[in-house]
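1. Compute the structure for the input listed below.
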Amino acid sequence: MGIQSGWPRAIVTAAAAVLFTTSTAALADSLQPDDLVKQVLAGNPGVAALEAAVKAAEARIGPAGSLPDPELRLAVAPRTVDGFTTPAGQHRGVSGIVEISQSLPWPGTLGLRADVARHEAAAAGDEVASLRLRLAAATRSRYAEWFYVHRALAINASNQQLTEELRRVAERRYATGLAEQQDVLQAEVELQRLREQALVLEQRRAAIRARTNALLSREADAPLPAPADMPAADPLPAYASLRALALRRHPALQRLDRRIAASRDREALADKAFYPDLRVMAGNNDFRPASETRFTVGVGISLPLDQDKRRAARDAARADTMRLDFEHRDQRNRLLGELEAARAAAEQARASIDLYRRELVPRTQESLSAARAAYGSGGGSFLAVITAEQQQLDAELNLARARADYFIARAELARWAGGELPDPAAAGNPETNP
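-> Take a look at the predicted model:
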């Protein structure tokens, strides 16, 4: 989004300074999600642009409610430029009229215009808040993916070490005639599969780093610290409390509320257009003889004769209000739908985390230990060991995926709820998940 040339130089300079500071700032040794969000919001050019637009909208409030500039009218008789002689034989200089006038809109018009500008400025502020919510959710999603790919690479490296160890065991047993060559080949195939998986994960890590650096306004290949551990999967507030919170504070709904208020003020302005504007005048008429009073005052009014034009403007204002009202309803329905979907996704991910931690990961670890012990004693097959190792790998990867998915869904839930989520315990949440 380009910076408009009409913006104040101070705003442009400040925005450029913020972007330069953020893009060159060194990140911490360990990447924290909250710190990452703060840096993204501080240096995002879209936020800076909208904040400048808010300042511009606020600057229009005062002029919108002020009177029009007064008008000065000068008139001169061309044949008196060099002077002239009156019928009475008197010599006079230039003759003309000097008049100043002020237009006075119908009472209440200026206040309504200021109210429209005030509502539009507040709506612009709500757009900034909406963008900040979207960026915060996107940044937390990037952090979750950054965490997952690091955790997946660590799990992959651990499994490569395990497979290397299994291959050495198979080679020793094959050399002593206690195992078949097929065991060694299976270990080699599994090792190459893990290495190929690591290559895919490395490519994915590079892509996530590039996208995260783009959010930070940094070079795509700039180094990014490893993530800190993922926050715990805490219980979620009840949907009813989140719904009430979203309807009360979400900036997307507030923006439409303010735009509806501005549109209703425009309807009132359209009604005011049926009444005439006033004009007061004062001047000096030098066309008259000096013996007569030359100072004049007067009042004028506009004649709103074209009623069809004014009715059309009023109908257009009412239609705009109706359109915004329908947009508000649609936005409300979509917001609540996204809110429930995000909460359901977070609850599902939280349940998966609990399942993998309590049941699946321990069971796959036990299965792998039993398979290795059986193979080492000569009573089991190497294929059973490889299968158990793959099951353990999948379980650990799925646990990491569920943790990342929970964090992403919770970030989306905060976005649609309009901000940070309340503490379920403080809110008296009746839902208690294990």
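
2. And the next helix or strand past the longest helix seen in the chain?
-> Ranked by residue count under DSSP state H, the longest helix found in the chain is helix 109-175. Using DSSP states H and E, the helix or strand that follows helix 109-175 in sequence is helix 181-215.

3. which secondary structure elements does that next one contact?
-> Applying 3 or more Cβ pairs under 8 Å, 6 or more residues apart in numbering; DSSP states H and E, one finds that helix 181-215 contacts helix 109-175, helix 382-417. In short, each C-beta sits where N, CA and C put it, glycine included.

4. Mean neighbour count, those: which tops it?
-> Of all those, helix 382-417 carries the top mean neighbour count, a mean of 21, counting by mean count of other Cβ atoms under 10 Å.

5. from the chain's centre, how far out does that helix sit?
-> 28 Å (Cα atoms, centre = their mean, to the nearest Å).

6. Can you name the next helix or strand after the worst-scoring helix or strand of the chain on mean pLDDT?
-> When the helices and strands of the chain are scored by mean pLDDT, DSSP states H and E, helix 9-24 comes last with a mean of 38. Next along the chain after helix 9-24, taking DSSP H and E as the criterion, comes strand 30-31.

7. Check which strands are paired with that next one and give the direction for each one.
-> Partners of strand 30-31 in the sheet, by DSSP bridges, are strand 226-227 (parallel).

8. Other residues contacting stretch 188-205?
-> 146, 149-150, 152-153, 156-157, 159-160, 163-164, 166-167, 386, 389-390, 393 (Cβ atoms under 8 Å, 6 or more residues apart in numbering).

9. now do 6 Å
-> 149, 152, 153, 156, 159, 160, 163, 386 (Cβ atoms under 6 Å, 6 or more residues apart in numbering).

10. and if you look at stretch 147-160?
-> 194, 197-198, 201, 204-205, 208, 226-227, 230, 393, 396-397, 400, 404.

11. which stretches of the stretch 201-350 of the chain form helices?
-> Per DSSP state H, counting those that start in this stretch, the stretch 201-350 of the chain carries helices over the ranges 239-249, 251-272, 307-355.

12. Quick check: residue 31 touching residue 227?
-> Yes. Counting by Cβ atoms under 6 Å, residue 31 touches residue 227, with 4.8 Å between them.

13. which one of the helices of the stretch 201-350 of the chain lies closest to residue 45?
-> Residue 45 lies closest to helix 251-272 among the helices of the stretch 201-350 of the chain, at 19.5 Å (Cβ to Cβ).

14. Relative to the whole chain's centre, how far out is the closest one?
-> Per Cα atoms, centre = their mean, the centroid offset for helix 251-272 relative to its chain is 23 Å.

15. so that helix versus helix 307-355, what angle?
-> Comparing the axes of helix 251-272 and helix 307-355 via axes from the mean of the first three to the mean of the last three Cα atoms, to 10 degrees yields an angle of 170 degrees.

16. name the helices or strands packed onto helix 251-272?
-> Applying 3 or more Cβ pairs under 6 Å, 6 or more residues apart in numbering; DSSP states H and E, we find helix 251-272 packed against helix 109-175, helix 307-355.

17. could you give the angle of the longest helix of the chain to helix 251-272?
-> Going by the same axes, to 10 degrees, helix 109-175 makes 160 degrees with helix 251-272.

18. any idea how far helix 109-175 is from the chain center?
-> For helix 109-175, the distance to the chain centre is 15 Å (Cα atoms, centre = their mean).

19. can you give me the mean pLDDT across it?
-> Averaging the model's pLDDT scores along helix 109-175 yields 94.

20. Next, the angle helix 239-249 makes with that helix.
-> 140 degrees.

21. Fine, thanks again, bye for now.
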